[in-house]
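# predicted model, plus sequence, below.
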Amino acid sequence: MLGTRVRAVVVGICSLLLPGLGQALIRRWVRALFFVGLFITTVAVFVPESALTADVPLDGLFAHAQDVSQNMSDWGTIAITVVQFGAMMDAYVQALQRPTQTTEGPTCPRCGREVEPTHGFCQWCTYEFEEPADN
């Protein structure tokens, strides 16, 4: 259970830094595309156009980011923060959820996914079974 929580925190932090990244890490592709699109749309609406088209050298990137954040309206800052926080919380909650069991065969006791019992381990989370089952 601790591994699941650590994974959820890491996925949440990734999604806070770049909305949609955490969802992509846990393979929730539609949610990842949704949050990436929402973030790009929010940036396009609220960040001044002059900041998006500026040619900035790599060593001046941090200073340019500070200038952009100072020139952006309060509503823009709030909108981008809401998108980042929403993406973080969604990724965290999605990472904590167990997959729904729709299989008829044997499942892994750790991750709940369908496994091939003759392998002796779960091919999804590498959990080793006590002894391989014979079918």
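Arrived safely, thanks for sending.

# where does the chain have low pLDDT?
Across the chain, residues meeting the criterion (pLDDT under 70) sit at 1-2, 54, 98-103, 131-135.

# at the geometric centre of it, which residue sits there?
Centrality entry for the chain: nearest residue to the mean C-alpha point is residue 22, 1.0 Å, by C-alpha atoms, centre = their mean.

# which residues sit in contact with it?
11-16, 87-88, 90-92, 95 (C-beta atoms under 8 Å, 6 or more residues apart in numbering). Every C-beta, even on glycine, is put in place using the N, C-alpha and C of the backbone.

# what about it, distance to residue 84?
Plainly put, residue 22 is 11 Å away from residue 84 if you go by C-beta to C-beta, to the nearest Å.

# which residues do those two both contact?
15-16.

# name the residues of stretch 59-68 that come out as buried.
residue 68 (16 or more other C-beta atoms under 10 Å).

# with stretch 7-25 instead?
For stretch 7-25, by 16+ other C-beta under 10 Å, it's 8, 11-12, 14-16, 19-25.

# so which of these sit within helices?
In helices, defined here by DSSP state H, the members of the buried residues of stretch 7-25 are 8, 11-12, 14-16, 21-25.

# now residue 12: closest residue in space that isn't a chain neighbour?
In space, and not counting its chain neighbours, residue 12 is closest to residue 92: 3.7 Å by C-beta to C-beta, 6 or more residues apart in numbering.

# who are the packing partners of the biggest helix by length in the chain?
Using DSSP H, we find that the single longest helix of the chain is helix 74-96. For helix 74-96, the contact count by 3 or more C-beta pairs under 8 Å, 6 or more residues apart in numbering; DSSP states H and E identifies helix 2-17, helix 21-25, helix 29-46 as packing neighbours.

# quick one, which of these is nearest to residue 75?
With C-beta to C-beta as the measure, helix 29-46 is the member of those nearest residue 75 (6.9 Å).
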